[in-house]
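Colleague: Generate coordinates for the sequence data below:
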Amino acid sequence: MIYLLFVITIVALIFGPSYWVKHTLEKYSYPQDRYPGTGGELARILLDWANLQSVKVEETEQGDHYDPIQKVVRLTPDKFNGKSLTAITVAAHEVGHAIQDRDGYLPLRLRTRLVRLAAPAEKLGAAILMIAPLMVVFTRAPVVGVLFFIGGLLTLGAATLVHLVTLPMEMHASFARALPMLEKGNYLIKGDEQHARRILRAAALTYVSASLTTLLNIGRWWAILRR
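Modeller: Below is the predicted model of the structure:
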């Protein structure tokens with residue numbers, strides 16, 4: 001019973017945030033024509049207002065994000081072409097990151113460096129876990145396999161750790177940058193502010209919720225090890 005409760009708790013911690021983020025963003029994606037302009041158009045307006053004419057706005061299939069290297073705000077098709085509350089609010093959130101970049105916001109610089117390190121670390125972690133059984137066979141030393149396994153688990157969790165550490169930066173982009181722009185520019189329909197706050201919170205948690213699912217890989221490898 002205790003083991004079952006433990007499993008349920010872990011699953012809830014992993015899938016709970018992901019479900020809430022997805023549910024919130026989808027909920028306010030309707031009606032699809034709530035606003036006169038698209039998320040892509042609003043992003044362009046906000047960037048110009050912030051004197052960031054050099055920052056581009058592009059459509060992408062790789063998830064909504066701001067690329068501080070290429071200086072581009074990228075939005076998925078439903079946000080780039082959409083006119084829902086979710087579309088314009090998420091667009092404002094990503095512009096918030098562009099403004100952080102303009103202002104030399106230190107946490108954004110730190111996050112950019114950490115993400116560039118975490119991506120290869122995840123691949124390395126998976127490779128180490130795959131090699132661990134072979135190392136046991138070749139060295140005939142179980143302790144070597146255990147060390148490789150532990151090292152793999154630690155590197156697999158790198159992305160989750162990065163996003164948890166940089167969560168305050170995401171919240172700053174939402175509530176210290178995006179929301180003030182939406183309010184001052186009167187871009188929100190009356191009554192939508194409270195809903196926009198939920199979307200901005202979900203946008204800030206997107207990376208954290210996504211990276212939490214990578215922890216399932218750790219669970220799978222743990223199950224394999226116990227066999």
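
Colleague: Model confidence for the spatially closest residue to V208 that is not a sequence neighbour, exactly?
Modeller: With sequence-adjacent residues excluded and distances taken as C-beta to C-beta, 6 or more residues apart in numbering, V208 is closest to H163, at 4.6 Å. (C-beta placed from N, C-alpha, C; glycine too.) H163 carries a pLDDT score of 71 in this model.

Colleague: Quickly note the distance from H163 to P17.
Modeller: Using C-beta to C-beta, to the nearest Å, H163 is found at 11 Å from P17.

Colleague: list the residues that contact both of those two?
Modeller: By the contact definition C-beta atoms under 8 Å, 6 or more residues apart in numbering, H163 and P17 are jointly contacted by V208.

Colleague: Compare these two and say which one has the larger neighbour count.
Modeller: H163 (23 against 19; other C-beta atoms under 10 Å).

Colleague: List the contacts of V57.
Modeller: Counting by C-beta under 8 Å, 6+ apart, the residues that V57 touches are G40, A43, R44, L47, V72, V73, R74, L75, F80.

Colleague: er, G63 actually
Modeller: R74, T76, T206.

Colleague: now the strands for the protein?
Modeller: 56-59, 65-67, 72-75 (DSSP state E).

Colleague: buried ones in the first one?
Modeller: Yep, that's strand 56-59 we're talking about. V57 (16 or more other C-beta atoms under 10 Å).

Colleague: list the buried ones in stretch 59-72?
Modeller: T60, D64, H65, Y66, D67, P68, V72.

Colleague: circling back to that earlier point, among the strands of the chain, which comes closest to T112?
Modeller: strand 65-67 (9.4 Å; C-beta to C-beta).

Colleague: Out of the contacts of V57, who's the most crowded?
Modeller: Among the contacts of V57, A43 has more neighbours than the rest - 30 neighbours, counting by other C-beta under 10 Å.

Colleague: measure that residue to V115 for me?
Modeller: Relative to V115, and taking C-beta to C-beta, A43 is found at 21 Å.

Colleague: S84 now?
Modeller: Distance of S84 to V115, given as C-beta to C-beta: 28 Å.

Colleague: Please say which of the two ends up with more neighbours.
Modeller: Counted by other C-beta under 10 Å, S84 and V115 do not tie: S84 has more neighbours, with 24 against 16.

Colleague: excluding its backbone neighbours, what's nearest the more buried one?
Modeller: Nearest to S84 is S29, by C-beta to C-beta, 6+ apart, at 4.7 Å.

Colleague: and what of P31?
Modeller: S84 (6.7 Å).

Colleague: Also S54?
Modeller: For S54, ignoring the flanking residues on the chain, the nearest one in space by C-beta to C-beta, 6+ apart is K71 at 6.4 Å.

Colleague: confidence score at that neighbour?
Modeller: 97.

Colleague: do the same with the one 5 residues further on
Modeller: Predicted confidence (pLDDT) at T76: the value is 98.

Colleague: That one against E58, yeah?
Modeller: No. If you go by C-beta atoms under 8 Å, T76 and E58 don't touch, sitting 10.7 Å apart.

Colleague: And the pLDDT at A178?
Modeller: pLDDT, A178: 98.

Colleague: can you map out the helices along this protein?
Modeller: Under the criterion DSSP state H, the chain contains helices at 2-27, 39-49, 77-80, 85-102, 106-139, 142-156, 158-165, 167-172, 179-184, 193-212, 215-226.
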